[in-house]
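*Asks:* I'll drop the sequence and a predicted model, then ask my questions.
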Amino acid sequence: MKALYIDGKLDLVEREVPLPEPGEGEVRIRVHFVGICGSDLHYYFEGANGAFVVKEPLTPGHELSGRVDLDPSGTWAPGTPVTVHPARFGQSEAGIEDAPNLWPGGSYLGSASTTPHTQGGMSECLIVDAGMVRALPEELSLEAAALAEPLAVSLHGVTRAGDVTGKRVLVSGAGPIGLLAVAAAKSRGAAEVTITDLLPEPLARGRAVGADRTIQIGVEEIPENAFDVVLECSGAAPAISQAFRSARRRGIVVQIGMVPDEGRPINLAPAISKEISIHGVFRFVDEIDEAIRILAAEPAVASVVTQVIPATSAAEAFELARDSSASGKVLVSTWLDDPAA
């Protein structure tokens, strides 16, 4: 079968490798679509995602959809449309029994956090544990289903904020995670969702997925002390400082966007003087099931996908995915004549 590998910085190659055989408790998926995530961009353009360095060939991709190819147990019929929860959880620890996403010893598809690296979905076929497979409803396309994983991350961000019913929510950054955070907050009952970005094109996508208001940074002022919850999705230091200014007294700031593992100049004074609660977000727990239901019920969320590029042009897809003026979520379609079928 064919698979894409990141061998290092700006080194993406296609290789022919043996077709993997599923063992007991495993299922082989014929992959159709794979979304390009921020971590994939870091691995390709920098050869590392934070502290996780590409030390051996790495197949990227953890946002995927496809069809069951082979299940030795017979539980899953061949051709069943599915997506995949990309985590294998590790061992529980005291104090985080209810947070398997934080348990040590786990793994995540398409990640250099483990050695050997955990290979991802940019291949013709992928072996996963049977418990990672999620069936898709008939009304949900395989293309839209590739958004289930990033939408689950955004939903987990809202989970960390608590009940947002009737709340005023600010989403900072209109990249794919920010756009999906709008959908997540709206689906959980937020009264008003505002999204900010430096560029007008991502803000237009924000309106398409349901944002009540958009603010272009540098052109319009972002209100201070005005939001019950801020979902910070950019990871940019100035935006994090702004999040603390925008949150109301005793408001909540949820940091969804990843940041480098290094010191950055961030103004904490408003967080202290307003007694703001700050929550981190790392991947998700089980929100992928809710994400599938939302994608099936709200077709407009699929507009987050702006381009589908064949795997034979994967380097072009990576270049496009880091240009937020030209793209939202970019999908790579695998080696199929009609990946949407």
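*Replies:* That came through, no problem. It should be emphasised that the depicted structure is a prediction, and the values quoted were computed from it without experimental measurement. Numbering: from 1, shown residues only.

*Asks:* residues contacting residue 247?
*Replies:* Applying C-beta atoms under 8 Å, 6 or more residues apart in numbering to residue 247 gives the contacts 170, 225, 227, 228, 229, 230, 253, 270, 271, 274, 276. (Each C-beta comes from the backbone N, C-alpha and C, glycine too.)

*Asks:* what's the distance between the nearest residue to the first one once chain neighbours are set aside and residue 245?
*Replies:* With C-beta to C-beta, 6 or more residues apart in numbering as the criterion, residue 170 has its nearest non-adjacent residue at 4.2 Å, and that residue is residue 227. Shown here: residue 227 relative to residue 245, a distance of 10 Å by C-beta to C-beta, to the nearest Å.

*Asks:* which of these two has more neighbours?
*Replies:* residue 227 (25 against 18; other C-beta atoms under 10 Å).

*Asks:* you'd agree residue 51 is up against residue 262?
*Replies:* No - the criterion here is C-beta atoms under 8 Å, and residue 51 misses it with residue 262 at 9.9 Å.

*Asks:* which of those two has more neighbours?
*Replies:* Neighbour count, other C-beta under 10 Å: between residue 51 and residue 262, residue 51 has more, with 10 against 7.

*Asks:* got the contact list for the more buried one?
*Replies:* By C-beta under 8 Å, 6+ apart, the residues touching residue 51 are residue 261.

*Asks:* and it, how close does it get to residue 112?
*Replies:* For residue 51, the distance to residue 112 - C-beta to C-beta - is 9 Å.

*Asks:* also residue 4?
*Replies:* Taking C-beta to C-beta as the measure, residue 4 falls 15 Å from residue 112.

*Asks:* please apply the same query to residue 66.
*Replies:* On the measure of C-beta to C-beta, residue 66 and residue 112 end up 23 Å apart.

*Asks:* of those two, give the one with the bigger neighbour count.
*Replies:* residue 66 (28 against 25).

*Asks:* let me know the secondary structure of that one.
*Replies:* strand (DSSP: H, G, I helix; E, B strand; the rest coil).

*Asks:* can you name the residues bridging to it?
*Replies:* Counting by DSSP bridges, residue 66 forms beta bridges with residue 31, residue 82.

*Asks:* nearest residue to residue 77 other than its sequence neighbours?
*Replies:* Closest to residue 77 by C-beta to C-beta, 6+ apart is residue 68, at 6.6 Å.

*Asks:* gap between the one you found and residue 130?
*Replies:* In terms of C-beta to C-beta, residue 68 sits 10 Å off from residue 130.

*Asks:* before we move on, what about residue 277?
*Replies:* With C-beta to C-beta as the criterion, residue 277 and residue 130 are 38 Å apart.

*Asks:* tell me where the stretch 1-150 of the chain has strands.
*Replies:* 2-8, 11-16, 26-35, 48-49, 52-53, 63-70, 81-84, 87-88, 107-108, 125-129, 133-135 (DSSP state E, counting those that start in this stretch).

*Asks:* now these in JSON lines, with mean pLDDT and distance to residue 292?
*Replies:* Formatted as JSON lines, the entries for the strands of the stretch 1-150 of the chain read as follows, by pLDDT from 0 to 100; distance: least, C-beta to C-beta, whole Å:
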{"stretch": "strand 2-8", "mean pLDDT": "97", "distance to residue 292": "26"}
{"stretch": "strand 11-16", "mean pLDDT": "97", "distance to residue 292": "30"}
{"stretch": "strand 26-35", "mean pLDDT": "98", "distance to residue 292": "15"}
{"stretch": "strand 48-49", "mean pLDDT": "89", "distance to residue 292": "26"}
{"stretch": "strand 52-53", "mean pLDDT": "90", "distance to residue 292": "28"}
{"stretch": "strand 63-70", "mean pLDDT": "98", "distance to residue 292": "10"}
{"stretch": "strand 81-84", "mean pLDDT": "98", "distance to residue 292": "7"}
{"stretch": "strand 87-88", "mean pLDDT": "96", "distance to residue 292": "16"}
{"stretch": "strand 107-108", "mean pLDDT": "96", "distance to residue 292": "19"}
{"stretch": "strand 125-129", "mean pLDDT": "98", "distance to residue 292": "16"}
{"stretch": "strand 133-135", "mean pLDDT": "98", "distance to residue 292": "6"}
